[in-house]
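**Student:** Attaching a predicted model along with its sequence, questions to come.
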Amino acid sequence: MLAREQLPPAVIETDHLTLEYATDAGVVRAVEDVSFRVGEGERLVLLGPSGCGKSSILKSVAGFLKPASGVIRVRGTEVKSPGPDRMVVFQEFDQLLPWKTVRQNVEFPLRIVGKLARSEIRERTEAALRKVGLERVMDSYPHTLSGGMKQRAAIARALVTDADVLLMDEPFAALDALTRTQLQTELLDLAQELGFTLLFVTHSIDEAILIGTKLHLLSPHPGRTITSLDTDDFGREDIGSARLESLSREVHDLLFAPSARKDILEHV
Ligand SMILES: Nc1ncnc2c1ncn2[C@@H]1O[C@H](COP(=O)(O)OP(=O)(O)OP(=O)(O)O)[C@@H](O)[C@H]1O
């Protein structure tokens with residue numbers, strides 16, 4: 001465990017976050033009293049069963065859902081609305097508009113902001129596409145790209161606004177196992193190369209261990225913190241190893257076998 005002064009500077013912090021939805025049947029509490037901290041360049045994965053509030057937390061960090069209580073800060077400033085510093089990458093990268101080229105898709109957020117000259121939009125778009133290695137397909141349409149290239153385009157679209165915080169909500173959930181593994185690896189390469197800070201949601205334990213430098217485990221509805229785990233020393237070389245399998249089993253028990261929690265938490 002690092003002393004607080006050795007931790008990388010905080011990028012995202014939630015402090016006793018509680019999230020609720022008003023419905024016709026009354027108030028639904030989705031998340032209760034969840035606190036976590038994501039440092040510069042860290043990848044924190046929110047992991048928990050369906051309905052525990054992972055997407056709600058992501059939405060609230062993005063600025064689309066106001067806390068019922070508690071605070072969210074990004075680089076020390078309270079989040080009150082969406083901002084260009086943090087971008088959401090949705091499932092299967094389906095925010096890419098099929099009728100626009102890769103270049104047009106990536107420049108789209110800059111056009112919406114509407115403050116930049118055409119030449120600057122062009123320069124920034126091309127720089128973002130070069131960063132993710134897509135300069136060759138700038139003028140292609142999304143349906144002609146591989147899954148990996150679509151992911152790169154979606155990330156370029158986030159980076160073009162100078163966002164250095166990416167929020168990803170189960171981006172690989174609907175993909176076949178092989179493509180999923182390939183995209184997980186690509187995401188890790190990009191994260192290392194570009195150094196963005198990542199908040200990632202999944203309900204796959206293996207994916208969480210592979211992608212995350214930290215896991216934040218949530219209990220079933222309403223989501224409360226079970227524990228946080230440091231998984232920085234697990235990487236792609238551990239895929240299929242006994243070490244990863246053993247951690248994966250422990251995480252499974254923490255999530256789904258409350259009776260096992262006490263023993264496990266005593267030695268993690
Ligand atoms: N717009 C909404 N209105 C009312 N209730 C909602 C709304 N969105 C989510 N909820 C409820 O909040 C709880 C948490 O939902 P959320 O989608 O955040 O969970 P999740 O952990 O991301 O689930 P999954 O893994 O299935 O995507 C659920 O009980 C859900 O029914």
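**Tutor:** Sure, I can see it. Remember, it's a predicted structure, so these values are computed and weren't measured experimentally.
**Student:** what's the pLDDT at R243?
**Tutor:** R243 is assigned a pLDDT of 92 by the prediction.
**Student:** Spatially nearest residue to it, not counting backbone neighbours?
**Tutor:** Nearest residue to R243, sequence neighbours excluded (C-beta to C-beta, 6 or more residues apart in numbering): F234, at 7.7 Å. Heads up, the C-betas are built off the backbone N, CA and C, glycines and all.
**Student:** surely that neighbour meets E245?
**Tutor:** No: judged on C-beta atoms under 8 Å, F234 makes no contact with E245 at a distance of 11.3 Å.
**Student:** show me the contacts for L247.
**Tutor:** Contacts for L247 (C-beta atoms under 8 Å, 6 or more residues apart in numbering) come out as I209, T231, F234.
**Student:** do the same with V106
**Tutor:** Counted by C-beta under 8 Å, 6+ apart, V106 has contacts T125, A128, L129, A153, A156, R157, V160.
**Student:** What score does I264 have for pLDDT?
**Tutor:** Predicted confidence (pLDDT) for I264: 62.
**Student:** coming back round to it: what is the nearest of the contacts of V106 to the ligand?
**Tutor:** Minimum distance to the ligand across the contacts of V106 is 22.7 Å, recorded for R157 (C-beta to the nearest ligand atom).
**Student:** can you redo the contacts of L247 as TSV with neighbour count and distance to E13?
**Tutor:** Formatted as TSV, the contacts of L247 follow (neighbours: other C-beta atoms under 10 Å; distance: C-beta to C-beta, whole Å):
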residue	neighbour count	distance to E13
I209	21	23
T231	21	20
F234	23	24
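**Student:** Assign the spatially most central residue of the chain to helix, strand or coil.
**Tutor:** Centroid-nearest residue in the chain, with C-alpha atoms, centre = their mean: F200, separated by 2.5 Å. With DSSP: H, G, I helix; E, B strand; the rest coil as the basis, F200 sits in strand.
**Student:** Compute the first-to-last residue distance for stretch 15-32.
**Tutor:** The first and final residues of stretch 15-32 sit 11 Å from each other (C-alpha to C-alpha, to the nearest Å).
**Student:** And the contacts of that stretch?
**Tutor:** Counting by C-beta under 8 Å, 6+ apart, 33-35, 52-53, 56-57, 60, 65, 67-73, 218, 221-224 sit against stretch 15-32.
**Student:** Any part of it near the ligand?
**Tutor:** Yes: judged by C-beta under 6 Å from any ligand atom, stretch 15-32 comes into contact with the ligand at Y21, T23, V28, A30.
**Student:** Please identify which pair of the residues you listed lies farthest apart.
**Tutor:** Distance extremes for the residues of stretch 15-32 next to the ligand: the farthest pair is T23 and A30 at 10.8 Å, using C-beta to C-beta.
**Student:** more crowded one of the two?
**Tutor:** Higher neighbour count among T23 and A30: A30, with 23 against 8, using other C-beta atoms under 10 Å.
**Student:** mind listing what's buried in the helix or strand that one falls within?
**Tutor:** Using DSSP states H and E, the element containing A30 is strand 26-39. For strand 26-39, a neighbour-count test (16 or more other C-beta atoms under 10 Å) marks A30, V31, E32, V34, F36, R37, V38, G39 as buried.
**Student:** and the helix or strand just after it with strand 26-39, angle?
**Tutor:** Remark: after strand 26-39, the chain's next helix or strand is strand 43-47, criterion DSSP H and E. Interaxial angle of strand 43-47 relative to strand 26-39 (axes from the mean of the first three to the mean of the last three C-alpha atoms, to 10 degrees): 150 degrees.
**Student:** Nearest to L188, out of the contacts of L247: which one, please.
**Tutor:** Closest approach between those and L188, by C-beta to C-beta: F234, at 11.0 Å.
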